[in-house]
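Trainee: Quick one, what's the 3D model for this:
(3 chains)
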Amino acid sequence: MPTVTLTIDGQQVTVPKGTTVLEAAWKAGSFVPTFCHDPELTKPGACRICVVEIKGARNLPASCVTAAAEGMIVETASPAVIDARKTILELMLDNHPEDCLTCHQAGDCKLQDYAYFYNVKPGAFGGECKNYEIEDDNLFIVRNMNKCILCGKCLRACEEKQGRAVIDFAYRGFRTKVATALDKPLADSVCVSCGTCVSVCPTGALTEKAMLGSARKWEVQKVRTTCPFCGVGCNFDLNVKGGKVIGVTSNAAAPANGRDLCVKGRFGTDYVHSPKRLTKPLIKKNGEFVESTWDEALDLVASKFGEIKTKFGSDSIAALSSARCTNEDNYVMQKFMRAVIGTNNVDHCART
Amino acid sequence: MTNSFEDYLNTDLFFVIGSNPTEAHPMAGAKIMSSVMSGKSKLIVADPRRIELAEKADIWLQLRPGTDIPLLNGLMHIIIKEGLHDQKFIEERTEGFEALKATVEKYTPARVSEMTGVPENLLYDAARLYATTAKAMLCYTLGITEHICGVDNVMSTANIAMLTGHLGKEGCGVNPQRGQNNVQGACDMGALPNVYSGYQAVVNPDIQAKFEKAWGVKLDNKLGLTIPDMMDAAVEGKLKAMFVLGEDPVLTDPDANHIKKALTKMDFVVAQEIFMSETAKYADVILPGASFAEKDGTFSSSERRVQRVRKAIEPIGDSRPDWWIICELAKRMGYDKMNYESPRQIWDEMASLSPIFAGINYDRIEHTGLQWPCPTVEHPGTPVLHTQSFSRGKGLFKAIEHTPPAEMPDEEYPYLLSTGRILYHYNITTRYSSALDAHRPEEAAMIHPADAATLGVCTGEKVRVTSRRGSVVTKVNVTDKVMSGMIWMSFHYKETPTNELTVNAFDPVSKTGEYKVAAVQLEKVV
Amino acid sequence: MSNLKEMRSGIEEQYKAKLNRPRIVVGLGTCGIAAGGRKVMKAIQDEVANRKLDVDVDFSSCIGMCFAEPVVEIALPGTPSVIYGGVYPDNVNKLIEGHLINKTPVTEMAEIQIAGEAKPYDGIPVMEKSGYYAKQVRSVTSRLGRTNPESIGDYIATGGYAALEKALAMDRQDIINEVKKSGLRGRGGGGFPTGNKWQFVHDAVGDKKYIVCNADEGDPGAFMDRSVLEGDPHAVLEGMMIAGYTIGANEGVIYCRAEYPLAIKRLNLAIEEAEKMGLMGDNILGSGFNFTVRIKAGAGAFVCGEETALLNSIEGQRGMPRVRPPFPAHKGLWQKPTCLNNVETFANIPFIIRNGGEWYAAMGTEKSKGSKVFCITGKINHTGLCEVPMGITLREIVEDIAGGIKDGKKFKAVQSGGPSGGCLPTEKLDLPVDYESLTAAGAIMGSGGLVFMDETTCMVDVAKFFLNFTQLESCGKCTPCREGTKRMLETLIRITEGAGVPEDIPKLERLATNIKASALCALGQTAPNPVLTTLKYFREEYEAHIMDRKCPAGACAALLNYTILADKCVGCGVCVKACPVQAISGEKKTAHVINSSTCIKCGACVPKCKFEAIVKA
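Mentor: Below is the predicted model:
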């Protein structure tokens, strides 16, 4: 593969041809912030926070959309670069609510991180701040467009990952906004609530409704697992706090789905904590289910199976195993039927 | 699936037949949608309904329900007539071509158009596009299998893929997306009446001996009963007891009233469940299992990828992991070779007895899982099947004739009922998700505006749907996404138990029920 | 090929016959129509019919003298044709009576005469020597106001499609070389050498290539492209076809703003006629070359004049600029190599091919060759359209062509290049108009809009006007332009309202610097220019607003104070009646006073006072 060698912050780095200056800078160990850049999405070069100084260039190019070239000399933290980045952050902060204290995204917010890193404070320019109503009228996603920095990742993810393009930029200038067709609420659009937009949002503009107010980002324990719904086999992280699953966040490392999920996987696992869960063994007595102990229930089943096996033979007993349980559960079920009951009468609904 | 989900990004053409992935397999659907939308690939959809993908398709073949075989035979007819078949692949990798050719010869475009309702020009367009696109992937789901000729349907998809050489290659293949999270795994693990784990036949004496030695017991070498046979046997009084683990046949199996009769008839029914399912209500004992979030283990996805399920929280209340409960029963019935301490131990025993899984262990699947077959710990797994040869060596063309559905609309039951899944629900558990259930709390049967006008109903009003087996009331959604004369319902709602209507007819080989076609009457309910 | 030659001789005969008949020609460009040209035409037709005169009534487009609209030309064979300005239905009769019946031109209404071979009339300036035209050249605008733009016959008879015919017989590389030789640079404002661009697209590999014409003229005060499209649509089509043949495209798209309905109508007509005559479509002139053109109407976004946003818009996407590279020459419309030029650029091509690159390069300066069309507007006597050789000075344009500043006021500044450009002061009047000089002075050539300002114009207010425009039209994609121009605008508003603080100036400068350095597209990068140039040349005006709370030009209402000079006021009370908000009070015959907190500074009272007792300061 052809390579190019360039100098970034005084350090030589060799990268494959076609690598962006941003990727090369990261490889060289330089810190370059990004908002709109996403390795899995097209590159709009829009937020401009990743600008760098390249010797001979007229302006400060956005490193995410500039190809590394042989002999290029790049400064990622020159005074001009730092001032441009600070200006961009100041502009963003002046058009953003100052509610980090109570923002759900606090602790996992790029805007917060960079403002901290560059020591940028709100109020540099002042002026009008957008003031949209918070959209909270669907069951899955809360949209607070006041926190949106218009990086456009959500709409690119919607189009490029989900193939839908439910949202796009609307209006112009300062009034530019991410909106559905005719700027209707998501609930009135063709949105299927997959939440992929939420997974890529760098700020608190898009949040999972069910998780709002349930935990600070740093309190959440993430447990990677496999989705219990259809057969695609998506992986995701169960978000756990205090022994309770509070929601799901997607995980870029998931082999079949990456950060993408469907409405069920992202928003449907709360069934685990349904008050309708069965929590005690139940034995039917006189047509009514009565709670029992495990010992009582298991002994009853063991003895009944034993009796029937003795009286009518092994083949008078059958089992439906489960396409929803784990491999291990299924293995022990068929082993139980074959080795303990003594029959091959085991099947499951492979057909629904 | 012969190929992988990752491979969806490599194909230049999707031929989606009997599958509605944007609702039933949303992430598979999203890959197709985004690939088509970006212009990377083309799309042929064969479906009686104007599903979302049909709207994005380059070619939509709106076939009548139950006419998949004539359609595929008709496409093959054109492909052979125009010399678009892959002669080299046929010669090197297959046998039985002449018989296939003789059969599809009879399926002329004119006749196929008559049988399926698809215009002739679209048959030509689809046949040519599929045959001449080098990387063409066929995807199907339950629209193919849930017919009394389901196996023949599946064979037909294999026929057309072999005919055009679209097998054993990247971006190609025949890819059934499995319906449930671990339906692949349940099959893999031997929860079938004919095989042990890893598809090892119970009738094979060597296999039997291997498992007898490992498990330390004498094993039965005759085939067990399939679910429909079990239900019939129960009704006949031959089957006395049933152990139902995490399944709800009353809601999800066809002809629910027959299932209820079977459950009532048996002496002893045990249900191991996380919710009070419709089936559990018939049980004598209910054992509360733990949900997927409360136990360790593995699921196997449609692409044969074995992936970890991890315990995130303690079991709710006094519930227990399913494996633990079953092992505890075994112990209490005097069997001492199921004393596992963890799912990892179970997996390792299974893998040691099943060659196709021998190379897979928990350490290897910690991050991305592995796709079987994976015979050794050095083996990288198998993303694409049949690259060199098929399971039986050469791929066998099966010459297949049309089998009409078991029950078709007639004067008395003039409408055709077809069933399936909607995006917001997955069989049953999602009804217990507060957001999902609030979003789609009830059935909304799809009927065509012309039929709605005949019946005098609008969206949101109710109809009674009656078949020879049962009768339910449902709200309707009037839409031209279904064809006239057809009603489409999901099976998620116990309040509207659609499967009380479906046919008690099964594919003779796979024993899959014909969920996709039943004859019903409709009347407005005021 | 022989086809066109045969056709041409017949067409030329017809055209000659037309010129040999008495004619009245009404200027029906958008400017003429807006001034009432259609009503004038109707009045002329009625009058001709009533009097049963043997005269043809025809129409043309804008000849450039927008200040004189409605314009009517009367041409009698063998005599100079006279162009009259300010013709209205009520003075049509006078013209016909005088010029047609009495054969005596109506001198007081005449703007210019075009004498040709004939002996000029006395008392009417001859076009080439007239103030408005003396310093102009008429190349790309040569047909404007002279031919009927809806007649392909007029076009062909005046040399039209000869360049296409010539080009189709030429080697493609030779055509590119000819364009390179001409030195033609992008007339939309970019100034990129056209020949080089064509070379890139010619050399780019692609199974399909496109020609796109940018007719999304959006700068305030700019209407060059509209005038060319309305006046000579075939020249644009011919230029596009030559480009298509040269780079290997057979499809062209004209992206024309929907606010130009007349241009779109005339283009459609031109396409239809060209197709009918086999000059467009398949196998053009038997050469085997196929070419079609379609028009895409833009929906009114300024940013769609930016070439990559324009391409997005044609594709049905939101008009937002793409990142470059890749440039459209390599990945343009539908990701295919695309030759994208502006209207004026394409319209120049037939002239260059017919007359040769050297002919064109003889005009202009070393680096900026040829001629350029400008729209001159603002506080000048002659607003209109002019075509000048590159290198002419701004002074020549304002003093000679524009006829100086209106009402005898003093020139203060000229704004060149629209929202991306800058304001140049009196000291820069001797600057030659070429790409490099204007850029060096902080303005840009732009697409050709020149807005002249006099002493009553506040330069902070001008900067505010342009920033308001840029902010409203920012596509919203990149942060610096979307958010930064908003803050600059807010600051300028504060300053003009008397709420500015000294830190505002360095803040503006810092924002401007960073927007210029980091915005995504040229529109964003140049958006601060109106502020930067006014700060550079008129800084004291900013300071006066901030420090003294004064607007030296007396334009910023918030900083004005109207007062009544007690020694001049006679207490007549006229001003009291003129005031819409009852801010003036006083006893009869005693000096009145204005309540400054109620006064809305509309100035209505000032002209009403016969004693000049009310002053603003």
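Trainee: Point out where the stretch 51-200 of chain C drops to low pLDDT.
Mentor: For the stretch 51-200 of chain C, no stretch has pLDDT under 70.
Trainee: Helices of that one, start to end?
Mentor: C:89-95, C:152-157, C:162-168, C:172-182, C:194-203 (DSSP state H, counting those that start in this stretch).
Trainee: same thing with chain A?
Mentor: With helices called from DSSP state H, chain A shows them at A:21-27, A:79-93, A:110-117, A:153-160, A:196-200, A:263-267, A:294-312, A:327-335.
Trainee: Show me which of the ones you listed has the highest average neighbour count.
Mentor: Mean neighbour count (mean count of other C-beta atoms under 10 Å in any protein chain shown) peaks for helix A:327-335 among the helices of chain A, with a mean of 30. Heads up, the C-betas are built off the backbone N, CA and C, glycines and all.
Trainee: for that one, what is the average pLDDT?
Mentor: Helix A:327-335 comes out with an average pLDDT of 96.
Trainee: what's next to it, contact-wise?
Mentor: Helix A:327-335 is contacted from outside by A:319, A:321-322, A:325, A:346, A:348, B:182, B:185-186, B:188-192, B:196-197, B:215, B:243, B:245-246, B:297-300, B:306, B:321-323, B:326-327, B:330, B:338, B:340, B:343, B:346-347, B:349-350, using C-beta atoms under 8 Å, 6 or more residues apart in numbering or on different chains.
Trainee: residues touching B:Ser467, list them.
Mentor: B:413, B:417, B:500-503, B:518-521.
Trainee: hmm, 6 Å instead?
Mentor: B:501, B:518, B:520 (C-beta atoms under 6 Å, 6 or more residues apart in numbering or on different chains).
Trainee: So which of these wins on neighbours?
Mentor: B:Ala518 (32 neighbours; other C-beta atoms under 10 Å in any protein chain shown).
Trainee: Who does it form a beta bridge with?
Mentor: B:Leu417 (DSSP bridges).
Trainee: so which of the helices of the stretch 51-200 of chain C comes closest to chain B?
Mentor: Closest to chain B of the helices of the stretch 51-200 of chain C is helix C:194-203 (C-beta to the nearest C-beta; 22.4 Å).
Trainee: So for the helix or strand that that closest one is followed by, mean pLDDT?
Mentor: For helix C:194-203, the following helix or strand on the C-terminal side (DSSP states H and E) is strand C:210-215. Regarding strand C:210-215, the rounded mean pLDDT is 98.
Trainee: Parallel or antiparallel, which strands does strand C:210-215 pair with?
Mentor: strand C:251-257 (parallel), strand C:338-342 (parallel).
Trainee: Can you point out the buried residues in that strand?
Mentor: Neighbour counts using 16 or more other C-beta atoms under 10 Å in any protein chain shown place C:210-215 of strand C:210-215 among the buried residues.
Trainee: about what we covered before: from the contacts of helix A:327-335, which land in helices?
Mentor: B:185-186, B:188, B:215, B:322-323, B:326-327, B:330, B:343, B:346-347, B:349-350.
Trainee: can you give me the helices for the stretch 451-600 of chain C?
Mentor: Along the stretch 451-600 of chain C, counting by DSSP H, counting those that start in this stretch, helices occupy C:459-473, C:479, C:485-496, C:504-518, C:522-526, C:529-547, C:574-578.
Trainee: pLDDT at B:Asn3, what is it?
Mentor: 88.
Trainee: cool, B:Asp206 as well?
Mentor: pLDDT at B:Asp206 comes out at 95.
Trainee: would it count as being in a helix?
Mentor: Yes - using DSSP: H, G, I helix; E, B strand; the rest coil, the assignment for B:Asp206 is a helix.
Trainee: Now render the helices of the stretch 51-200 of chain C as CSV, adding distance to chain B and mean neighbour count.
Mentor: Output for the helices of the stretch 51-200 of chain C, formatted as CSV (distance: least, C-beta to the nearest C-beta, whole Å; neighbours: other C-beta atoms under 10 Å in any protein chain shown):
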stretch, distance to chain B, mean neighbour count
helix C:89-95, 58, 17
helix C:152-157, 39, 23
helix C:162-168, 34, 21
helix C:172-182, 30, 19
helix C:194-203, 22, 21
